[in-house]
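Colleague: Output the structure for:
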Amino acid sequence: MSALGRNMLSHSFIEFSGKIAAMGFVLLTLACSSSAQDESLGDYARKLNSQQKQQVQVSEEDGRLLLKSVDEITQFSSRDSGLPRLGPVKRQLIGRTEAGEHIRGRAKDEAEHERRLNDAAVVLKKFGMLPPQFELSSSLGEYTLNSLAGFYEFSDKTMYLLNWVSPDLQKMVMAHELTHALQDQNFQLGSFVSPPRALPRSPAMKANQEDPSEISLARRAVVEGQATVVGMDYTLKSLGLDESLTSSQEVRTVAEQHIQDSYSPAVVIHDAPRLLREIIAFPYREGLAFELAVLAHGGQQEAFRGVFACPPINTHQVLQPEAYFKSEKTPRVEIGDLHTVFEDAYLPYEAGSLGELDVQIMSEQYGRENDIYTVARQWNGGTYLALKHRLLANAKVTTADLALVYVSRWKTRQAAERFGQIYLIAVAKRLPMGAATQHRCEEKKCAGALWEEHAQSSEGPVNVEVWPENLLIITQSVDDKRMKLLRPLLLHPEQPVRASVDQQELSPRFFALPEIQALSEQSGTELRQWLIQQFAH
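Modeller: Below you'll find the model as predicted:
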């Protein structure tokens with residue numbers, strides 16, 4: 001975009017900035033308040049839960065007009081997205097009690113989700129992606145109704161409007177939510193976002209890279225990215241602007257630059273674990289960036305109907321749209337049956353993949369500024385297997401009770417080595433570490449690992465090894481005797497392998513919790529409003 005074009009666009013937005021204030025365009029989440037910057041995630045969530053917005057109590061006439069506006073806004077969403085309206089959208093004006101019942105209905109399997117996520121949290125701590133003291137339930141607090149300004153529930157195909165939120169503010173959100181209604185009518189959102197998965201077999205000591213939760217998060221990024229585009233376009237139209245994200249490359253360029261250069265979610269404050277901040281923002285921030293890239297590549301048809309027909313298969317394709325355009329598939333990484341190595345002392349505990357989003361989070365948390373490009377973008381597949389001591393079959397598991405095996409491939413040897421170094425930094429931040437021994441050799445002269453580093457931690461040995469074809473092997477709490485038996489199985493896994501422990505990418509599992517989804521919805525609202533503010537200035 002030329003400097004002249006950008007200045008003209010900026011002046012257009014400045015001209016209408018006063019209308020934003022006049023329309024009561026306020027942050028629902030209080031995310032920009034200075035006091036929030038000193039609060040923990042739990043404190044912030046509880047504060048949102050305890051603070052009530054000023055009661056508006058929509059009048060009978062305003063409620064009638066609000067319900068009527070559903071049809072008009074649905075028509076706009078249909079034109080902007082190209083998704084046809086296949087029938088009327090049910091709508092209902094409800095109060096706080098009814099809204100709370102609907103939101104809590106999403107949590108019917110919450111106890112099972114939390115049990116599984118607590119298991120995953122121990123593995124995340126072992127990787128260094130969560131702080132040792134992190135406790136899932138106490139850190140998240142209660143999800144809140146205070147962030148809502150209307151929502152579409154695809155379980156009963158209804159657009160719910162709220163009788164305590166001003167009609168103008170609800171209309172701003174309805175274009176986003178009614179895009180979900182159109183997506184649902186055309187593509188059945190429930191089955192799209194949560195594709196069918198095979199039932200887990202009995203636990204075994206092997207793993208591969210089959211990843212339903214990563215697929216689900218990638219598809220959720222599509223769903224929210226599309227709806228954010230339409231919601232932004234409706235807001236721009238309501239401010240009197242003819243420019244839109246779907247029609248103007250100039251507007252898309254401005255939005256992309258703001259997201260890349262400035263935006264970070266304020267809804268989860270500075271001392272929350274980076275993993276939670278990134279997961280909460282991903283469907284909206286990266287989803288919007290992905291949709292903007294597809295719009296630039298193929299226009300409205302490809303960005304909406306086309307992406308539903310051929311959705312991204314993992315977070316890698318969302319983070320790198322070029323990989324999506326090329327239908328790039330990540331090579332399969334497998335861990336063969338480790339029964340002979342561990343059965344005398346261990347039981348399988350968790351297995352899954354460490355995807356590009358996970359690698360990006362670790363690179364940002366423990367690496368250098370450019371590691372997101374030189375390391376995370378060079379990820380080429382990875383699988384882990386965590387095992388627990390047999391004596392702890394029914395006891396609460398800690399990181400000290402786990403042995404961890406992680407195998408990954410990279411596009412360059414340098415990226416493999418650098419991630420190995422990042423991993424060692426993460427372990428050293430978490431545990432007391434002894435002196436490390438390191439060895440490197442030239443590939444043509446090397447009979448073993450090309451680069452390796454071994455150290456002793458308070459939880460046992462830490463081994464990091466880079467092998468030919470950019471294969472990275474990392475183990476924790478695996479002794480030397482077992483390492484000698486383990487290496488051949490990792491370097492030459494049995495074929496074919498079918499994972500018997502439920503396979504999921506590690507960090508996206510947290511999106512199963514209603515608390516995380518509620519915070520993510522707040523982040524999405526904040527992102528749309530933040531972008532409008534950036535345009536206005």
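Colleague: from here on, contacts and neighbour counts on C-alpha atoms
Modeller: Will do.
Colleague: give me the low-pLDDT residue ranges for the stretch 1-150 of the chain?
Modeller: 1-56, 103-116, 136-147 (pLDDT under 70).
Colleague: Now do the contacts for the residue lying farthest from the centre of the chain.
Modeller: Going by CA atoms, centre = their mean, the residue of the chain most distant from its centre is Lys445, 42.3 Å out. Taking CA atoms under 8 Å, 6 or more residues apart in numbering as the contact definition, Lys445 lies against nothing.
Colleague: Look up phi and psi at it.
Modeller: phi -100, psi 0 (degrees, to the nearest 10).
Colleague: how close does it get to Thr374?
Modeller: 26 Å (CA to CA, to the nearest Å).
Colleague: before we move on, what about Phe154?
Modeller: 40 Å.
Colleague: what's the answer for Leu124, then?
Modeller: 23 Å.
Colleague: hey, where'd the helices end up in the stretch 51-200 of the chain?
Modeller: For the stretch 51-200 of the chain, the helices defined by DSSP state H, counting those that start in this stretch occupy 60-81, 96-105, 110-127, 136-140, 167-187, 189-193.
Colleague: again, but for the stretch 251-400 of the chain
Modeller: With DSSP H, counting those that start in this stretch, the ranges of helices along the stretch 251-400 of the chain come out as 274-301, 307-309, 315-319, 321-325, 339-342, 356-366, 371-374.
Colleague: For the longest one, buried residues please.
Modeller: For helix 274-301, burial by neighbour count (16 or more other CA atoms under 10 Å) applies to 274-296, 299-300.
Colleague: cool, stretch 385-402 as well?
Modeller: The neighbour-count check on stretch 385-402 (16+ other CA under 10 Å) flags 385-389, 397-399, 401-402 as buried.
Colleague: Can you show me the strands along the chain?
Modeller: Taking DSSP state E to define them, one finds strands in the chain at 90-94, 151-153, 158-162, 346-353, 379-389, 402-410, 437-440, 451-457, 460-467, 471-476.
Colleague: on that earlier part again, what would the buried residues of stretch 385-402 look like in a markdown table with distance to Leu217?
Modeller: Output for the buried residues of stretch 385-402, formatted as a markdown table (distance: CA to CA, whole Å):
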| residue | distance to Leu217 |
| --- | --- |
| Leu385 | 21 |
| Ala386 | 23 |
| Leu387 | 26 |
| Lys388 | 28 |
| His389 | 32 |
| Val397 | 27 |
| Thr398 | 27 |
| Thr399 | 26 |
| Asp401 | 30 |
| Leu402 | 27 |
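Colleague: So in the chain, where's the weakest helix or strand by average pLDDT?
Modeller: The helix or strand of the chain with the poorest confidence is helix 17-22; it has a mean of 33 (mean pLDDT, DSSP states H and E).
Colleague: Identify whichever of the strands of the chain lies nearest to Val58.
Modeller: strand 158-162 (8.2 Å; CA to CA).
Colleague: so what strands line up beside the closest one?
Modeller: Each strand paired with strand 158-162, and its direction, by DSSP bridges: strand 90-94 (parallel), strand 151-153 (antiparallel).
Colleague: Mean confidence (pLDDT) on the shortest one, please.
Modeller: Yep, that's strand 151-153 we're talking about. For strand 151-153, mean pLDDT rounds to 88.
Colleague: how close does Ser81 sit to Met232?
Modeller: Taken as CA to CA, the span from Ser81 to Met232 is 12 Å.
Colleague: who touches Gly420 in this structure?
Modeller: 464-465, 472, 474.
Colleague: For Ser457, see how far away it is.
Modeller: Gly420 is 16 Å from Ser457, by CA to CA.
Colleague: How many residues are close by Leu404?
Modeller: 23 (other CA atoms under 10 Å).
Colleague: How about Gln57?
Modeller: For Gln57, using other CA under 10 Å, the count is 14.
Colleague: Please verify my assumption that it contacts Asn163.
Modeller: Yes - under the criterion of CA atoms under 8 Å, Gln57 makes contact with Asn163 at 5.3 Å.
Colleague: How about Val375: what's its closest non-neighbour residue?
Modeller: Ala415 (4.8 Å; CA to CA, 6 or more residues apart in numbering).
Colleague: where's the one you found relative to Ser353, distance?
Modeller: 18 Å.
Colleague: now Ser244
Modeller: For Ser244, the distance to Ser353 - CA to CA - is 38 Å.
Colleague: Neighbour count for these two, which is higher?
Modeller: Ser353 (28 against 20).
Colleague: Which pLDDT value belongs to the more buried one?
Modeller: pLDDT, Ser353: 86.
Colleague: Confirm for me that it is in contact with Asn380.
Modeller: No - the criterion here is CA under 8 Å, and Ser353 misses it with Asn380 at 11.4 Å.
Colleague: thinking Trp164 is in contact with Val58, fair?
Modeller: Yes - using CA under 8 Å, Trp164 is in contact with Val58, at 6.1 Å.
Colleague: quick one, domains of the protein?
Modeller: 3-324+508-536, 339-496 (automatic domain parsing).
Colleague: Could you check how far Leu245 is from Arg85?
Modeller: The value you get for Leu245 to Arg85, if CA to CA is used, is 21 Å.
Colleague: ignore the last one, Pro348
Modeller: Pro348 sits 49 Å away from Arg85, going by CA to CA.
Colleague: Among the two, which residue is more densely surrounded?
Modeller: Set side by side, Pro348 and Arg85 show more neighbours around Pro348, with 23 against 19, by other CA under 10 Å.
Colleague: Show me what the more buried one is bridged to.
Modeller: Residues in beta-bridge contact with Pro348 (DSSP bridges): Leu387.
Colleague: Model confidence for it, exactly?
Modeller: 90.
Colleague: Roughly how far does Ala289 sit from Thr228?
Modeller: Distance of Ala289 to Thr228, given as CA to CA: 10 Å.
Colleague: Please disregard the earlier target; I meant Arg91.
Modeller: Distance from Arg91 to Thr228, by CA to CA: 21 Å.
Colleague: Which of these two has more residues huddled nearby?
Modeller: A direct count of neighbours by other CA under 10 Å for Arg91 and Thr228 places Thr228 higher, at 28 against 17.
Colleague: what about the stretch 251-400 of the chain, any weak spots by pLDDT?
Modeller: 262-271, 393-394.
Colleague: at 90 instead, please
Modeller: Across the stretch 251-400 of the chain, the ranges flagged by pLDDT under 90 are 251, 254-281, 313-314, 328-337, 343, 349-355, 369, 390-397.
Colleague: give me the beta-bridge partners of Phe151?
Modeller: Tyr160.
Colleague: again but with Gln92, I slipped
Modeller: Tyr160.
Colleague: List the contacts of it.
Modeller: 67, 158-161.
Colleague: what's the answer for Ile425, then?
Modeller: Tyr366.
Colleague: what's the answer for the one 4 residues further on, then?
Modeller: Neighbouring residues of Lys429 by CA under 8 Å, 6+ apart: Gly128.
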